[in-house]
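Student: please find the sequence and the predicted model below.
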Amino acid sequence: MSRVPVLEIFGPTIQGEGAAIGMKTMFVRTAGCDYSCSWCDSAFTWDGSAKDQIRMLTPQEIVLELDSLAANNYSMVTISGGNPALISEPMEKLIDLLRDRQVNIAVETQGTRWQNWFNKVNILTISPKPPSSGMDTDWGKLEHILAHSKDPLISLKVVVFNDEDFLYAKQVHQKYPKIPFYVQVGNEDVTEEGDISGRLLKGLEWLFQKVIDDPEMNEVRVLPQLHALIWHNKRGK
Ligand SMILES: C[S@@+](CC[C@H](N)C(=O)[O-])C[C@H]1O[C@@H](n2cnc3c(N)ncnc32)[C@H](O)[C@@H]1O
Ligand SMILES: Nc1nc2[nH]cc(C(=O)O)c2c(=O)[nH]1
Ligand code: SF4
Ligand SMILES: [Mg+2]
């Protein structure tokens, strides 16, 4: 039976980002990524530092673990990573199992790989990476993914750290003006211990002003990572 490389399963917590911000959700975080963003807040999924924590789980085992953590106390599961779009058949099976149980499914991915199961999820967040990440956008791949996503619940979310990233976010929004668009404050130090909310709120104020001042950004939403304001750089939140 094929298995999913899982780095962590946690929750219930509150979705801190994007279109479903504020909703109670469980998380399944897969291991492995085809990117290596300079500021990745989940680098342990791909940099080898947590490789002994990777478990190869069947879809049924994942559902059992979700229930043992929170039976009857969740109705949404967010699948993130790493890049969950690297996984084909066992991920589709997990999604089918969750759908059978009337669980809403959200997925976080960066828009580098298409999977047919994208059209089975309820909330699909595509997060192309700006220049500060050090990654190059494959615009053809992104186009393919957005053209094949039938679900109207797709949204785009770009993390912004600086002016150049903001220009990139504008470029993505202008290419796809009909797709709900989110800009998210970048967390510049994902290793800092203790309370980082003051630093993040300063970043949010800067990003608010960028959007306020820009007549081409009248229809975007500006958000912090809400969970990082509350729980800072803690893992599993
Ligand atoms: C860890 S990624 C995993 C999913 C997928 N690989 C992706 O990047 O969309 C989940 C979300 O966290 C965002 N993220 C990662 N590091 C961040 C940081 N330092 N500050 C703000 N957002 C960050 C990503 O852009 C993405 O939207
Ligand atoms: N609370 C909470 N919300 C999130 N939204 C997206 C996350 C992610 O790492 O993909 C995330 C996360 O790690 N925690
Ligand atoms: S694409 Fe996502 S998981 Fe991969 S390195 Fe970038 S932020 Fe991290
Ligand atoms: Mg996160």
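Tutor: Alright, I've got the coordinates. Ligands and ions are numbered 1, 2, ... in the order given.
Student: this structure: helices as residue ranges?
Tutor: For the chain, the helices defined by DSSP state H occupy 59-70, 89-100, 139-148, 163-175, 197-212, 226-231.
Student: residues of the protein that sit close to ligand 1?
Tutor: For the chain, the contact set with ligand 1 under C-beta under 6 Å from any ligand atom comprises 33, 39-42, 80-83, 108-110, 127, 157, 159, 184, 186-187, 190, 225. Using the backbone N, CA and C atoms, a C-beta is placed for each residue, glycine as well.
Student: list, one by one, the residues from this protein near ligand 3.
Tutor: Selection of the chain residues close to ligand 3 by C-beta under 6 Å from any ligand atom yields 33, 35, 36, 37, 40, 42, 45, 81, 82, 83, 110.
Student: same list, those, but as JSON lines with distance to residue 213 please.
Tutor: What follows is the residues of the chain next to ligand 3, written out as JSON lines (distance: C-beta to C-beta, whole Å):
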{"residue": "33", "distance to residue 213": "34"}
{"residue": "35", "distance to residue 213": "30"}
{"residue": "36", "distance to residue 213": "33"}
{"residue": "37", "distance to residue 213": "27"}
{"residue": "40", "distance to residue 213": "29"}
{"residue": "42", "distance to residue 213": "31"}
{"residue": "45", "distance to residue 213": "36"}
{"residue": "81", "distance to residue 213": "34"}
{"residue": "82", "distance to residue 213": "35"}
{"residue": "83", "distance to residue 213": "34"}
{"residue": "110", "distance to residue 213": "28"}
